[in-house]
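> Here is a sequence together with a model predicted from it:
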Amino acid sequence: MSSILAYDLGASSGRALLGRLIDGKIVVEELHRFPNDPVQVGDRLQWDILRLFHEIKQGLLKAKHQGITVQSLGIDSWAVDYGFIGKNGELLGNPYHYRDRHTDGVMQRVVESITESEIFGRTGIQFLPFNTIYQLAALKEADSPLLREAHRFLMIPDLLRYFLTGEMHNEFSNATSTQLYNPVDNRWDPELIRKLGLSSSWFGDVVRPGTKVGQLRESVTEELGIPSIPVYAVAEHDTGSAVVAVPALERSFAYLSCGTWSLMGTEVEQPVINELAQQLNFTNEGGAYGTFRLLKNIMGLWILQESRREWEKAGMTYSFPELVGLADQAPAFSAFIDPDDPLFLHPGDMPAKVKQYCRNTGQQVPDSPGTIVRCILESLALKYRYVLELTEQLSGKRFSGLHMVGGGIHNTLLCQWSSNAIGKPVWAGPAEGSAIGNLVVQWIAQGELSDIWEARRVIADSFPVTAYEPEQSDAWDAAYREFLKVTGLA
């Protein structure tokens, strides 16, 4: 029986999932899982890209050792980060991590010379300080030698595909996230590239999800002792793949891809680029099959993950279920944070930052892991309500509930509280949304599935979805009003 392989790389771990279609249902098997830890070198925070490539090869070896025939593979990952290939075809340096501080203050300086209205009007992308456009501007400001030697610009999945195949292509969903791609003209934006002093020759052809973009190169097949395998461009921004996997049967739906980041929005056929979208700081990222993801980034479970790391450093080791249990026992609605406050962007002592935020806003300061985690999770749920209401306002749609996908749905307390906060049902599943979306794009390309709507029906039939109904509506409505007040979002 043939299988296909999806590599799904997140900000903290990566995984290789095998997918099979059996009797009209998708069966997935985790073949390989590995950490993805950034590396601090001096003042720079970087990705260990060669280690990631090594782990991709380990996934292929595991398939070989189990006697599995791999029919094709695809890779998805986080967005905005990239590497440069030199004229000799080799990687120039390790890619910087989007949380590295070399972009501090750069976005503000860029919009002094190129207005926000022009940038948004050309790209439709949310203003975030780590966007690729500001990472490149930071290198330009620093007169980085990388720019003098650069021949081609490749984002993380582009780069790993190049290592596998020897072919260089930029994939659409990730290209749009750079804030350098014009979704109306369907090309890299030459005017922004010129105004930033970048070279247009770095930016290559943009391929759509479902495009075959090469085969495993000879050096890889010889090293691993495997036959060559077709490689497909999927929706390579992991959120794009996650949205493909939303098991929605209605054409109008709201989604939340929940993990290190939370990304909430809806699927639209054309980018929404207008004054209101810019004012609300929404984004229009490319999706699969002619769609765009009208969405907003929310800091997500990063704050909880960093808090857990800090407690571990202090000798207090908690599993995530233990932390959720402590939060469930803590007093409700004692303090709130805005998860998207710049205070929480960079790594560091996150419990201290939560306390600082509460102190600065005149709230009761949480003083234990349970109260801190409760503050984080309640604030996330309430921020979801805030962004869902903005999504409805901007899209002109009303949603009957919220589809949650991604690893964050294992946090059942967050799922329930999200339903409580929005006052609507939450449908949670599947957890491996990005990998499943990656798989179905490959199957559609190979003719095994007819289109995205058949794929979503098959996903709905293949994976359990847990429904959460809202509870304690009056208490959560009151908490929402207080949340808006203390965070200044009102």
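Alright, I've got the coordinates. Numbers count the residues shown, from 1 in each chain.

> In stretch 360-370, which residues are buried?
Neighbour-count burial for stretch 360-370, counted by 16 or more other CB atoms under 10 Å, picks out 361, 363, 366, 369, 370. Where you see a C-beta, it was placed from the backbone N, CA and C, and this is true even at glycine.

> Using CSV, lay out those together with secondary structure.
CSV is the format used below for the buried residues of stretch 360-370 (DSSP: H, G, I helix; E, B strand; the rest coil):
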residue, secondary structure
361, coil
363, coil
366, coil
369, helix
370, helix
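
> Put together JSON lines for those residues, with distance to residue 198 and pLDDT on each row.
Below are those laid out as JSON lines (distance: CB to CB, whole Å; pLDDT from 0 to 100):
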{"residue": "361", "distance to residue 198": "40", "pLDDT": "98"}
{"residue": "363", "distance to residue 198": "44", "pLDDT": "98"}
{"residue": "366", "distance to residue 198": "45", "pLDDT": "98"}
{"residue": "369", "distance to residue 198": "45", "pLDDT": "98"}
{"residue": "370", "distance to residue 198": "48", "pLDDT": "98"}
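
> out of those, who's nearest residue 175?
Taking CB to CB as the measure, residue 175 lies nearest residue 361 of these, at 38.7 Å.

> how near is that closest one to residue 403?
Distance of residue 361 to residue 403, given as CB to CB, to the nearest Å: 32 Å.

> ok, now which ones touch residue 424?
Shown in contact with residue 424 (CB atoms under 8 Å, 6 or more residues apart in numbering): 399, 400, 401, 402, 470.

> hey, where'd the strands end up in the stretch 151-300 of the chain?
Here the stretch 151-300 of the chain has its strands, by DSSP state E, counting those that start in this stretch, at 170-171, 181-182, 187-188, 206-207, 211-215, 230-233, 254-258, 262-268, 283-286, 292-298.

> all helices of the stretch 301-450 of the chain, in order?
In the stretch 301-450 of the chain, the segments counted as helices under DSSP state H, counting those that start in this stretch are 302-313, 320-329, 350-360, 369-395, 412-422, 433-445.

> what sits up against the first one?
Outside of helix 302-313, the residues within contact range by CB under 8 Å, 6+ apart are 11-12, 260-261, 317-318, 320, 323, 337, 339, 344, 347-352, 354, 369, 372-373, 376-377.

> on that earlier part again, pick the most deeply packed of the strands of the stretch 151-300 of the chain.
Burial of the strands of the stretch 151-300 of the chain is given as mean neighbour count (mean count of other CB atoms under 10 Å); strand 254-258 ranks first at a mean of 28.

> Kindly state the domain boundaries assigned to the chain.
Following automatic domain parsing, one gets these domains for the chain: 3-233, 246-429+450-490.

> burial of the nearest residue to residue 193 once chain neighbours are set aside, as a residue count?
Closest residue in space to residue 193, ignoring its immediate chain neighbours: residue 200 at 5.2 Å, by CB to CB, 6 or more residues apart in numbering. Using other CB atoms under 10 Å, residue 200 has 10 neighbouring residues.

> before we move on, what about residue 476?
Residue 476: 24 surrounding residues under other CB under 10 Å.

> could you dump the buried residues of stretch 360-370 to JSON lines with distance to residue 222?
Shown next, in JSON lines, are those (distance: CB to CB, whole Å):
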{"residue": "361", "distance to residue 222": "60"}
{"residue": "363", "distance to residue 222": "61"}
{"residue": "366", "distance to residue 222": "56"}
{"residue": "369", "distance to residue 222": "51"}
{"residue": "370", "distance to residue 222": "54"}
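
> And those residues, which is closest to residue 158?
Set against residue 158, the nearest of those by CB to CB is residue 369 (40.1 Å).

> quick one: contacts for the closest one?
Counting by CB under 8 Å, 6+ apart, residue 369 makes contact with 307, 311, 316, 318, 323, 326, 351.

> If we use 6 Å, what do you get?
Contact analysis of residue 369 by CB atoms under 6 Å, 6 or more residues apart in numbering lists residue 326.

> Likewise for residue 405?
Residue 405 neighbours (CB under 6 Å, 6+ apart): 242, 246, 257, 433.

> And those, which is closest to residue 451?
Set against residue 451, the nearest of the contacts of residue 405 by CB to CB is residue 246 (14.6 Å).
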